[in-house]
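A.B. asks: Prediction below, plus the sequence it came from.
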Amino acid sequence: MLTVDSLDVYYGAVHALKGVSLRAEAGEVVTLIGANGAGKTTLLRSISGLVPSRLGKVAFEGKDITRMPPHDIVGLGISQSPEGRMVFANLSVVDNLELGAYRRKDRAGIREDYDAVYRLFPRLLERRRQTAGTLSGGEQQMLAMGRALMSRPRLLLLDEPSLGLAPLLVREIFRTILEINRRGVTVLLVEQNAHMALSIAGRGYVLETGTVKLEDQASRLLQNEDVKKAYLGG
Amino acid sequence: MTEFLQQLVNGVTLGLGYALIALGYTMVYGILRLINFAHGDVYMLGAFFGFYAARLTGAAVEPNPLKAAGILLISMVGCGLVGFLIERFAYKPVRKSSRLAALITAIGVSLLLENGGLLLFGADPKFFPQIVRATNIPLGMGVTISNQQIIILVVSVALMLALRFIVLNTRAGKAMRAVSYSHTAAALMGISVDRIITFTFVLGSMLAAAAGVLVALQNPKIEPYMGIMPGLKAFVAAVLGGIGNIPGAVLGGLVMGIAEVMVVGYLSPTWRDAIAFVLLILILLVRPSGLLGQPPAEKV
Ligand SMILES: Nc1ncnc2c1ncn2[C@@H]1O[C@H](COP(=O)(O)OP(=O)(O)OP(=O)(O)O)[C@@H](O)[C@H]1O
Ligand SMILES: [Mg+2]
């Protein structure tokens, strides 16, 4: 479904991705773990078309999207809940969700998806008239994910959805990710919380300073000595 | 009292003109964090487009409301096109460059429009024809309002309401608000940020065109440099109201217009232009985010 082929990305002189290759098959949960500054966010940003790549190729369902503008990539069925959530702080929860469905015209389907999002995150329904900037961190994360779902994506990119959340909420978020996946959405999950991420993912990639160090079944990565030492706290 | 009320009527009319121009500054700033210094010159072009449209339609000889509306429309469409071209060929190429590059570009575009205007329209002032015959209508207590002032009032308010509707209720307006919050987040919603920026420039330029025609109804003398002072004052009005804030631009414009008329009436006409800068300094000292602007909040 998604293939990233030897991608090279620079920020000026900083070589952030050095020939990264990765794939996700339809229906999978794939996770990408790595230390701060490894290039995880950069990879998601280049898949979404937000940062240009110098070399390499990104394809989605057989279509080359390497140079496609971000808004068209959303139209193809890839959406992202970005690092830092980026909810529209000055707009209400409903308006945020509505913007998530910006490219869609099927009113009935959109209405269904509001309901689906509210079922996944009942808290958002309670707070739907509230300004997004006044939501708690966890609620903003739910909103960012819900908003990303409103475009009815086939591939969902999640950048550190558990960042800064209380442990209980973290578990809830991961449960929700599985639930979203069960409804047929392929998920590419970037996480600092490697243990949780590897326990819900089918496969995983370990990114280190812009290169893929390891790639394996998630269960095997959980047992891998290097991974344990570097990312699972021993 | 009579004099004060009369000044107020005149001040509001003048202020609505500033407000229409200020809206363009504030919308473009909201979306690009760019001060479009050429905006006052678009206002000038609006007056000239109206002038030539009036000639073309013969409205100068035989005024009628339909022709007047047509002139307004032609001028707005013309300036909308100019706004589109300015964005596409001047600002877009430097969008990824430094702020300084954008600022220098803005000044360059402004000079280009002024000198282009000089070349095309000539340096001698022209006189905007009376596309509506002037009459004065008494409001009671010795206060009068001209029918031109009424037109300015009605058309400005109608345009502002239309803008409000666009921004709050249409798809493009919602996208504008998203883009003004964050280009990245907006792009991730599937919004074409480029298209929304274009839309914003066109909208702002159309409002400036309307101001050009409306103000010329009252002050018919038009020349290629006429946009500089009103442009600056409208910019100050936008800052006064809180730059980036749409209702703020309207409020700032009204405050500016009323203050100017009062200063001229009660102090001295020599202060006419200075008051704008006094207001600018005051607001920057007392409330730098402007009357309706929110103090910068941290983004989560
Ligand atoms: N806009 C930018 N300009 C310059 N360098 C950047 C920029 N964004 C990221 N980088 C650099 O690129 C590298 C990869 O950054 P990236 O944000 O992709 O890392 P990450 O794996 O997401 O880290 P984290 O876990 O902290 O979110 C880092 O060295 C970072 O400093
Ligand atoms: Mg990151």
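C.D. replies: Looks like it arrived, so ask away. Ligands and ions are numbered 1, 2, ... in the order given.
A.B. asks: Point me to the residue of chain A nearest chain B.
C.D. replies: A:V74 (3.5 Å; CB to the nearest CB). Just so you know, the C-beta spots here come from the backbone N, C-alpha and C atoms, and that holds for glycine as well.
A.B. asks: Now that residue: which helix or strand?
C.D. replies: A:V74 belongs to helix A:70-76 when elements are defined using DSSP states H and E.
A.B. asks: list the helices and strands the helix or strand just after that helix packs on?
C.D. replies: As assigned by DSSP H and E, the chain's next helix or strand after helix A:70-76 is strand A:78-81. Counting by 3 or more CB pairs under 8 Å, 6 or more residues apart in numbering or on different chains; DSSP states H and E, the packing neighbours recorded for strand A:78-81 are helix A:40-47, helix A:137-149, strand A:155-159.
A.B. asks: Any idea how far strand A:78-81 is from the middle of the chain?
C.D. replies: Relative to its chain's centre, strand A:78-81 lies at 6 Å (CA atoms, centre = their mean, to the nearest Å).
A.B. asks: Quick one: mean pLDDT over it.
C.D. replies: Per-region confidence: strand A:78-81 scores 98 on mean pLDDT.
A.B. asks: Name the residues of it that come out as buried.
C.D. replies: A:I78, A:S79, A:Q80, A:S81 (16 or more other CB atoms under 10 Å in any protein chain shown).
A.B. asks: next one: stretch B:61-68
C.D. replies: B:P63, B:K67, B:A68.
A.B. asks: Report the rounded mean pLDDT for that stretch.
C.D. replies: 87.
A.B. asks: And it, how far out from the chain middle?
C.D. replies: The answer for stretch B:61-68 is 24 Å, by CA atoms, centre = their mean.
A.B. asks: Same check on stretch B:146-165?
C.D. replies: Here stretch B:146-165 is found 13 Å from its chain centre; the criterion is CA atoms, centre = their mean.
A.B. asks: can you check stretch A:80-93 too?
C.D. replies: On CA atoms, centre = their mean, the centre of stretch A:80-93 falls 13 Å from the chain's centre.
A.B. asks: CA atoms only for it - export them in CSV, please.
C.D. replies: C-alpha atoms of stretch A:80-93 as CSV (Å, rounded to 0.1, in the frame of the first residue of the first chain):
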residue,chain,number,x,y,z
GLN,A,80,-1.8,12.5,9.5
SER,A,81,-2.1,13.4,13.1
PRO,A,82,1.0,15.5,13.4
GLU,A,83,3.6,15.9,16.1
GLY,A,84,2.4,18.5,18.6
ARG,A,85,-1.2,17.8,17.5
MET,A,86,-1.6,21.1,15.7
VAL,A,87,-5.3,21.4,16.5
PHE,A,88,-6.8,24.7,15.4
ALA,A,89,-6.7,26.3,18.9
ASN,A,90,-9.0,29.2,17.9
LEU,A,91,-11.7,27.0,16.5
SER,A,92,-14.3,24.7,18.2
VAL,A,93,-14.0,20.9,18.3
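A.B. asks: Show me where the stretch 1-150 of chain B has its strands.
C.D. replies: Assigned by DSSP state E, counting those that start in this stretch, the stretch 1-150 of chain B shows strands spanning B:126-127, B:136-140, B:143-146.
A.B. asks: Figure out which of the helices and strands packed on strand A:78-81 is closest to B:Q130.
C.D. replies: Closest to B:Q130 of these, according to CB to CB: helix A:137-149, at 54.2 Å.
A.B. asks: Report all helices and strands that that closest one contacts.
C.D. replies: Using 3+ CB pairs under 8 Å, 6+ apart: helix A:137-149 touches strand A:78-81, helix A:93-100, helix A:107-120, helix A:122-126, strand A:155-159, helix A:167-182.
A.B. asks: show me what contacts the residue of chain B found nearest ligand 1?
C.D. replies: Going by CB to the nearest ligand atom, ligand 1 is nearest to B:T184 of chain B, at 10.8 Å. Contact partners of B:T184, counting by CB atoms under 8 Å, 6 or more residues apart in numbering or on different chains, are A:L50, A:P82, A:M86.
A.B. asks: next one: B:D194
C.D. replies: Contacts of B:D194 by CB under 8 Å, 6+ apart are B:K92.
A.B. asks: What score does the residue nearest to A:L163 when sequence neighbours are not counted have for pLDDT?
C.D. replies: Nearest non-adjacent residue to A:L163, counting by CB to CB, 6 or more residues apart in numbering or on different chains: A:Q192, 6.6 Å away. A:Q192 is assigned 88 on the pLDDT scale.
A.B. asks: and what of B:G173?
C.D. replies: 95.
A.B. asks: now it, nearest residue through space, not along the chain?
C.D. replies: B:V167 (4.0 Å).
A.B. asks: Compute the first-to-last residue distance for stretch A:178-194.
C.D. replies: 16 Å (CA to CA, to the nearest Å).
A.B. asks: And that stretch, how far out from the chain middle?
C.D. replies: With CA atoms, centre = their mean, you get 8 Å for stretch A:178-194.
A.B. asks: which parts of that stretch are buried?
C.D. replies: So, applying 16+ other CB under 10 Å, buried residues of stretch A:178-194: A:I180, A:N181, A:V185, A:T186, A:V187, A:L188, A:L189, A:V190, A:E191, A:N193, A:A194.
A.B. asks: Most widely separated two among those residues?
C.D. replies: Top of the distance list for these (CB to CB): A:V185 and A:A194, 21.9 Å.
A.B. asks: Now do the domain split for chain A, please.
C.D. replies: A:1-77+A:153-234, A:85-152 (automatic domain parsing).
A.B. asks: can you map out the helices along the stretch 101-250 of chain B?
C.D. replies: B:147-169, B:171-181, B:183-188, B:193-218, B:228-241, B:246-262 (DSSP state H, counting those that start in this stretch).
A.B. asks: Please name every helix or strand in contact with the fifth one.
C.D. replies: Read that as helix B:228-241. Against helix B:228-241 (3+ CB pairs under 8 Å, 6+ apart) you get helix B:2-32, helix B:39-57, helix B:246-262, helix B:274-286.
A.B. asks: Can you redo these as a markdown table, where the extra columns are mean neighbour count?
C.D. replies: Formatted as a markdown table, these follow (neighbours: other CB atoms under 10 Å in any protein chain shown):
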| stretch | mean neighbour count |
| --- | --- |
| helix B:2-32 | 24 |
| helix B:39-57 | 25 |
| helix B:246-262 | 24 |
| helix B:274-286 | 15 |
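A.B. asks: Flag the shaky bits of chain B, pLDDT-wise.
C.D. replies: The model of chain B has pLDDT under 70 over residues B:296-300.
A.B. asks: OK, now which residue of it is nearest to ligand 2?
C.D. replies: B:T184 (13.4 Å; CB to the ion).
A.B. asks: Now do the worst-scoring helix or strand of chain A on mean pLDDT: which elements does it pack against?
C.D. replies: Every helix and strand of chain A was ranked by mean pLDDT, DSSP states H and E. The lowest is helix A:225-231, at a mean of 89. Secondary-structure packing of helix A:225-231 (3+ CB pairs under 8 Å, 6+ apart): helix A:194-200.
A.B. asks: In the helix it packs on, which of the residues would be classed as buried?
C.D. replies: Those would be A:A194, A:M196, A:A197, A:L198, A:I200, for helix A:194-200 by 16+ other CB under 10 Å.
A.B. asks: Please work out how many residues are found near the spatially closest residue to the fourth one that is not a sequence neighbour.
C.D. replies: Spelled out, that is A:L198. Excluding its sequence neighbours, the residue lying closest to A:L198 (CB to CB, 6+ apart) is A:A218, at 4.4 Å. Number of residues near A:A218 (other CB atoms under 10 Å in any protein chain shown) recorded here: 20.
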